[in-house]
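Visitor: here is my input, please return the structure:
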Amino acid sequence: MSAEYQVNGSVAVITLANPPVNGLGLATRTAAVAGIKQALADDAIKAIVITGAGKAFSGGADIKEFNSPKALTEPTLHTLINVVEQSTKPVVAAIHSVCMGGGLELALGCNYRVAAPGAQMALPEVKLGILPGAGGTQRLPRVLGLEMALNMIVSGTPVASEKLAGTALFDEVTAPGADLLAAAVAFAGKVAGIRPLPKVRERTVDYPDHEAFLQFSRNTVKAMAGPFPAPLQCVEAVAAAVTMKFDDGLKFERELFMQLVQSPVSKALRHAFFAERVASKVPDVPADTPVRAIASAAIVGAGTMGGGIAMNFANAGIPVKLLETQQAALDKGLATIRKNYESTVKKGKLTQEKAEQRIALVSGTLDYADIAQADIVVEAVFEEMGVKEAVFRQLDAVMKPGAILASNTSTLDLDQIASFTKRPQDVIGTHFFSPANVMKLLEIVRGKETGKDVLASALALSKKLKKTGVVSGVCDGFIGNRMIEQYSRQAGFLLEEGCLPEQVDKAVEQFGFAMGPFRMGDLAGNDIGWAIRKRRYVQKPDVTYSKTADLLCELGRYGQKTGAGWYDYKPGDRKAYPSEQVNAMLVQHSQDIGVERRKIGDQEIVERLVYALVNEGARILEEGIALRASDIDMVYLTGYGFPLFRGGPMFYADTVGLPNVQDAIAGYASGRHGEAWTPAPLLVKLAAEGKGFNN
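Guide: Numbering: from 1, shown residues only. Coordinates of the predicted model:
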């Protein structure tokens, strides 16, 4: 049952019951309409209360029905709201916990609203690249006023019900701890005989000089929205609530909604929304797989990564011990953690008290025996197999039975690391991204012997740490770094053929990346890539690389940390300044290898970098390293600064059309370093079948 009907004296109570958040799916809408009709047909019923079961009034549209015929099957949300609004008996919304999207639009269609304190009120549709499409942009300004409603709709940010007490949105906000349903039924009894019934649609929006305010809002939103069209369309829809009759405004809202739903940006945002939810589902690891309790943690290595990872645990309230071999390194690591927290306090993002609580959860040690009882230990030492081996043999000897042994390796063979222990089932990869206390991605690497409960525990931990956990199989570089290697190879080849670092970075940043490959290299440290390439030269001598990055490292230009990389840097200034020395070195190198430099357009730069990601992503998918194309997109959206409005590399390739991607790859295969452009068999197959990676 998706809506329950009960009678309380002369009041009918309709309870939305579609867990977890009472999404307004077809069955729920149908049952709610039937409930209202039943109440209207019963002369003994004088008023109606609508509420939600469990932990929500309603979270809005049922996301399971997105992009399906059910979303448009009668009764639609519009029809349900219409039935509520046309009721000849008063309808009272009893709002608690969560009232968002279509849930709030339904409440606005009721005659009265009674709310419990702490209910989260929001119209978050803008975050999916759309706008409220069931009257939200027309009704909310009529109860909250133009300015407050516009802020809520353009930002999509939830506001607690008590902050909206005193506005026309609520007729009553109950006292903390009071019985909401009893209060709503009592309220319904009081208003049962009042006629005419109040309707939000009949209110007007009164705002002096609204034109000036709306124009100011357009200018502000346009400057901030960048490539996202929805925020500006939200302003236009809200403007209609002031300037048009209600029914005309409703029609205008619907037109804008339909335009946005079809837009590539909204499709990309909706793809990312679902991709994030499905990433934690592993076909052979059921949802009820038991997980291991993680109440304490340890980190081996107090460097930049180790310290950042420790902060994640402290932020989640989990005590963590940092292990180092030298007191000086340990002191430095702990001091950096304190400095990071103090800087967050200075920025006003954390109270001094909270910062002190978190700092207190982090302690240090030089002795493996001190970490033996931790529920999970994360190794964050130098990316070299011999170093990892020494650590894991030691962990195997000291850690308690059942402890999870995790490695933060970014490229090395996790199965080999697991083989250094007598408990490979307890070993898993937890690849955090730098800076670890900021980046959302956690690449969870499943070894061939990793226990299902260990994998389920790592996925549960990622949620606790507020990370997006994506599962990867074992291969060199896993999902993210294996793909970025092909991207970086192309960036290097572009430098040999005629580009300068600033041109490549600018083209990619205009496409929407947070940072181009060369600024990214300078931030991460160019010596890290150099170490990986030196290993590749031995292991994969047939793979070609541009020598430009090696020449840069030979000059000692490792990036921001040395004050010079692909760009020049000034003390205390992170801005990248084009380097005459580097650019002269690149021109000379082209001459040395006999390549005539040519003018390269931005389209070629973007295609070569992005399609290099896509082609390698297709191989990763085919090999089963990634479970699904959307997981690859999630890795790139949350860990590598791929533009959100393009939905990730695999989704972007679907948007362009795989035959077009294949044609471009064929073109580049006939150019210099064409050997880097063998199309992935899966790409060729899907292009021939007229399919995409995500469908």
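Visitor: check the offset of the lowest-mean-pLDDT helix or strand in the chain from the chain's centre.
Guide: For the chain, using mean pLDDT, DSSP states H and E, the weakest element among its helices and strands is helix 526-539, scoring a mean of 86. Taking the mean of its C-alpha atoms, helix 526-539 sits 31 Å from the chain's own mean (CA atoms, centre = their mean, to the nearest Å).
Visitor: got a list of contacts for the helix or strand following that helix?
Guide: For helix 526-539, the following helix or strand on the C-terminal side (DSSP states H and E) is helix 548-554. Here helix 548-554 makes contact (CB atoms under 8 Å, 6 or more residues apart in numbering) with 488, 492, 495-496, 521, 526-527, 529-530, 533, 565-566, 582, 585-586, 589. Every C-beta, even on glycine, is put in place using the N, C-alpha and C of the backbone.
Visitor: and the residue lying closest to Gly480 once chain neighbours are set aside, what is it in contact with?
Guide: In space, Gly480 comes closest to Val635 once its chain neighbours are excluded; the distance is 4.8 Å by CB to CB, 6 or more residues apart in numbering. Contact analysis of Val635 by CB under 8 Å, 6+ apart lists 441, 443, 470, 472, 479-480, 626.
Visitor: pull the most distant pair out of these.
Guide: Leu441 and Ala626 (13.3 Å; CB to CB).
Visitor: so what sits against both of the two?
Guide: Common neighbours of Leu441 and Ala626 (criterion: CB under 8 Å, 6+ apart): 470, 635.
Visitor: mind checking which of the two has more residues around it?
Guide: Set side by side, Leu441 and Ala626 show more neighbours around Ala626, with 26 against 22, by other CB atoms under 10 Å.
Visitor: return the set of residues that bridge with that one.
Guide: Beta bridges link Ala626 to Ser472, judged by DSSP bridges.
Visitor: okay, among the contacts of helix 548-554, which ones form the most distant pair?
Guide: Maximum pairwise distance among the contacts of helix 548-554 (CB to CB): 20.9 Å, between Glu496 and Asp527.
Visitor: check which helices and strands the helix or strand hosting Leu494 is in contact with.
Guide: Secondary structure from DSSP H and E places Leu494 in helix 480-497. Contacting helix 480-497 under the criterion 3 or more CB pairs under 8 Å, 6 or more residues apart in numbering; DSSP states H and E are the following elements: helix 501-511, helix 517-524, helix 548-554, helix 580-592, helix 602-622, helix 629-639.
Visitor: pLDDT of it, averaged?
Guide: For helix 480-497, mean pLDDT is 96.
Visitor: so the closest residue to Cys499 other than its chain neighbours, which of the three states?
Guide: Closest residue to Cys499 apart from its sequence neighbours, by CB to CB, 6+ apart: Ile600 at 5.3 Å. Per DSSP: H, G, I helix; E, B strand; the rest coil, the local secondary structure of Ile600 is coil.
Visitor: quick one: low-confidence parts of the stretch 51-200 of the chain?
Guide: Along the stretch 51-200 of the chain, no part satisfies pLDDT under 70.
Visitor: break down it into its strands, ranges please.
Guide: Counting by DSSP state E, counting those that start in this stretch, the stretch 51-200 of the chain has strands at residues 91-95, 98-100, 112-115, 120-122, 159-160, 172-173.
Visitor: settle this for me: the residue nearest to Cys499 is touching Glu497, isn't it.
Guide: Yes - with contact defined as CB atoms under 8 Å, Ile600 reaches Glu497; the gap is 6.4 Å.
Visitor: these two: who's more crowded?
Guide: Neighbours per residue (other CB under 10 Å) separate Ile600 from Glu497, with Glu497 holding more: 20 against 16.
Visitor: so how far is stretch 47-64 from its chain's centroid?
Guide: On CA atoms, centre = their mean, the centre of stretch 47-64 falls 25 Å from the chain's centre.
Visitor: same check, this time on stretch 193-201
Guide: Chain-centre distance of stretch 193-201: 42 Å, with CA atoms, centre = their mean.
Visitor: what's that stretch in contact with?
Guide: For stretch 193-201, contacts defined as CB under 8 Å, 6+ apart pick out 46, 85, 87-88, 90, 108-109, 111-112, 135, 138-139, 142-143, 246.
Visitor: buried ones in that stretch?
Guide: Within stretch 193-201, the residues that count as buried by 16 or more other CB atoms under 10 Å are 197, 199-201.
Visitor: before we move on, back to that, quick check: angle from the least confident helix or strand of the chain to helix 517-524?
Guide: Going by axes from the mean of the first three to the mean of the last three CA atoms, to 10 degrees, helix 526-539 is angled at 100 degrees with respect to helix 517-524.
Visitor: can you give me the buried ones in helix 526-539?
Guide: Those would be 526-530, 532-533, 535, for helix 526-539 by 16+ other CB under 10 Å.
Visitor: and of those, the nearest to Val362?
Guide: Distance to Val362, by CB to CB, is smallest for Ile528 among the buried residues of helix 526-539, at 25.3 Å.
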